[in-house]
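In: Can you look at this prediction? I've put the sequence above it.
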Amino acid sequence: MILVLKNNCGAEEIGLVKGKAEELNLQAEIINGGSRTLLLLRGGDYSFDAREFLTLPCVERVVQLDRGAGLVSRETTPQPTVIRIDELSIGGGDVVVIAGPCAVESPEQTLAIAEVVRKGGAKIFRAGAFKPRTSPYSFQGLGEQGLKILADVRSETGLKIVTEAMDEASLGLVEKYADIIQIGSRNMQNYSLLQVAGRTGKPILLKRGMAATIDEWLMAAEYILNEGQDQVILCERGVRTFSDHSRFTLDLGAVPAVKELSHLPVIVDPSHGTGYRGRVPAMARAAIAAGADGLMIEVHNHPDEALSDGVQSLDPVGFTNLMHELRRLAEALEIRI
Ligand code: PEP
Ligand code: MN
């Protein structure tokens, strides 16, 4: 961290800044940067609020260079983390496709879609039993009944199951039925939920908050890792920007950025990221080319009748075609899908 000091700071005022640094266990080194005096601060555990320095009379600006090497950081763990569920691995070099409807609607709908995505080459089935809907009047999911349907899908198809936990009550149930626990965009900063999820021992798929910076997203993952759970998959699902041509702005630049900063696998959700099924294939291809470890894609057997997110769901033909395309792309990139 660098503090830029105001012009004409006296020795006494600089002493106050150094005293504050000492209190926080930071080593301070004065650098004379031309017309400005800079104070380089090293060490500390970064648990304090760097803006505290701005309350001192001679500090003009605080430049925070990093947050220190957390458990999510590549500095702490240089090798990529590989999530293993039986014979399946995520983050080990192969691209893993997670696919399924937005929500579990019925046993028939769920199983029919599961068969389509399994045949297409997906390894993990997604479908929400607890749905965080914008309107309280929209379909809210089947709850535990939905989880039971997902457990049946696993025994019938062999697909692994990922589904969302929305709060501590649903987390207990999701933990019982699912292979991977999804924490949704709206809950990315629900720190107490992240802590409880981290203690379940099950891998966690952590979606990026729709207004979260990469730093905030990684710090949310840090809450889970801090509970002793290092099996975390990060999922880029689009953020809010001024662009209104799509539902969200899928931030594919986040993939290489997060990979530089963290050892955790990163997957991409082009369905929520674009909001329109016609745009999903292009962004799915782009995500793989950008180095994503996997994709999460919404698929429905009758998208126009879906109880949620039908507009962004591929139909069976669309999904099958996309998988063909992705396999050809993977071949060119010398990766497996
Ligand atoms: C979902 O995956 O169904 C979902 C609700 O996603 P998000 O949390 O990214 O909106
Ligand atoms: Mn959805």
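Out: Looks like it came in fine. Numbering: from 1, shown residues only. Ligands and ions are numbered 1, 2, ... in the order given.

In: From now on I want contacts and neighbour counts done on CA atoms only, so please keep to that.
Out: Will do.

In: who in the stretch 201-337 of the chain is up against ligand 1?
Out: Within reach of ligand 1 by C-alpha under 6 Å from any ligand atom, the stretch 201-337 of the chain has these residues: 207, 237.

In: how close does the residue in the stretch 201-337 of the chain that ligand 1 sits nearest to get to Asn190?
Out: Residue nearest to ligand 1 within the stretch 201-337 of the chain (C-alpha to the nearest ligand atom): Arg237, separated by 5.3 Å. Counting by C-alpha to C-alpha, to the nearest Å, the gap from Arg237 to Asn190 is 17 Å.

In: got the residue ranges for the helices in the stretch 1-150 of the chain?
Out: 11-23, 107-120, 144-157 (DSSP state H, counting those that start in this stretch).

In: Could I get the full set of helices for the stretch 201-337 of the chain?
Out: Using DSSP H, counting those that start in this stretch, helices in the stretch 201-337 of the chain cover 214-225, 254-261, 270-274, 280-289, 316-333.

In: Averaged pLDDT, the second one. What do you get?
Out: In this model, helix 254-261 carries a mean pLDDT of 97.

In: other SSEs contacting that helix?
Out: If contacts are counted by 3 or more C-alpha pairs under 8 Å, 6 or more residues apart in numbering; DSSP states H and E, helix 254-261 sits against strand 266-268.

In: Paired strands for the strand it packs on, with orientation please.
Out: Paired neighbours of strand 266-268 in the sheet (DSSP bridges): strand 232-236 (parallel), strand 294-298 (parallel).

In: Just send these back as TSV, with distance to Met1 too.
Out: Below are the strands paired with strand 266-268 laid out as TSV (distance: least, C-alpha to C-alpha, whole Å):
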stretch	distance to Met1
strand 232-236	27
strand 294-298	35
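
In: Just send those strands back as TSV, with mean pLDDT and mean neighbour count too.
Out: Below are the strands paired with strand 266-268 laid out as TSV (pLDDT from 0 to 100; neighbours: other C-alpha atoms under 10 Å):
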stretch	mean pLDDT	mean neighbour count
strand 232-236	98	27
strand 294-298	98	26
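
In: closest one to Ile183 among the ones you listed?
Out: Counting by C-alpha to C-alpha, Ile183 lies closest to strand 232-236 out of the strands paired with strand 266-268; the figure is 9.8 Å.

In: hmm, who's touching the closest one?
Out: With contact meaning C-alpha atoms under 8 Å, 6 or more residues apart in numbering, strand 232-236 is reached by 83, 203-208, 221, 224-225, 250-252, 254-255, 264-269.

In: again with stretch 325-337
Out: Contacts for stretch 325-337 (C-alpha under 8 Å, 6+ apart): 93-97, 285, 288-289.

In: circling back: in terms of neighbours, single out the busier of Arg237 and Asn190.
Out: Neighbours were counted for Arg237 and for Asn190 using other C-alpha atoms under 10 Å; Arg237 has more, 25 against 16.

In: which residues touch that one?
Out: Residues near Arg237 by C-alpha under 8 Å, 6+ apart: 185, 207-208, 210, 250-251, 268-273.

In: Recalculate using a threshold of 10 Å.
Out: Neighbouring residues of Arg237 by C-alpha atoms under 10 Å, 6 or more residues apart in numbering: 184-185, 207-210, 248-252, 267-274, 296.

In: try Gly294
Out: Contacts of Gly294 by C-alpha under 10 Å, 6+ apart are 90-91, 93-98, 233, 235, 265-269, 284, 287-288, 337.

In: Phi, psi for Gly275 please.
Out: The phi/psi pair for Gly275 (degrees, to the nearest 10) reads phi 90, psi 0.

In: what number of residues lie near it?
Out: Gly275 has 22 neighbouring residues, counting by other C-alpha under 10 Å.

In: distance of it from Leu225?
Out: 31 Å.

In: Wait, Pro107 touches Asp152, no?
Out: Yes. Using C-alpha atoms under 10 Å, Pro107 is in contact with Asp152, at 8.6 Å.

In: what sits in contact with each of those two?
Out: With C-alpha under 10 Å, 6+ apart as the test, Pro107 and Asp152 both reach Gly146.

In: The contacts of stretch 325-337: which two are farthest apart?
Out: Gly93 and Arg285 (16.2 Å).

In: Same drill for these two, tell me which one is more crowded.
Out: For Gly93 versus Arg285, the count of surrounding residues by other C-alpha under 10 Å is larger for Arg285: 20 against 17.

In: give me the number of residues near the nearest residue to the more buried one once chain neighbours are set aside?
Out: Closest residue to Arg285 apart from its sequence neighbours, by C-alpha to C-alpha, 6 or more residues apart in numbering: Leu326 at 6.4 Å. Leu326 has 21 neighbours, counted by other C-alpha under 10 Å.

In: same thing with Gln64?
Out: Counted with other C-alpha under 10 Å, Gln64 comes out at 12.

In: That concludes my questions; thank you for your assistance.
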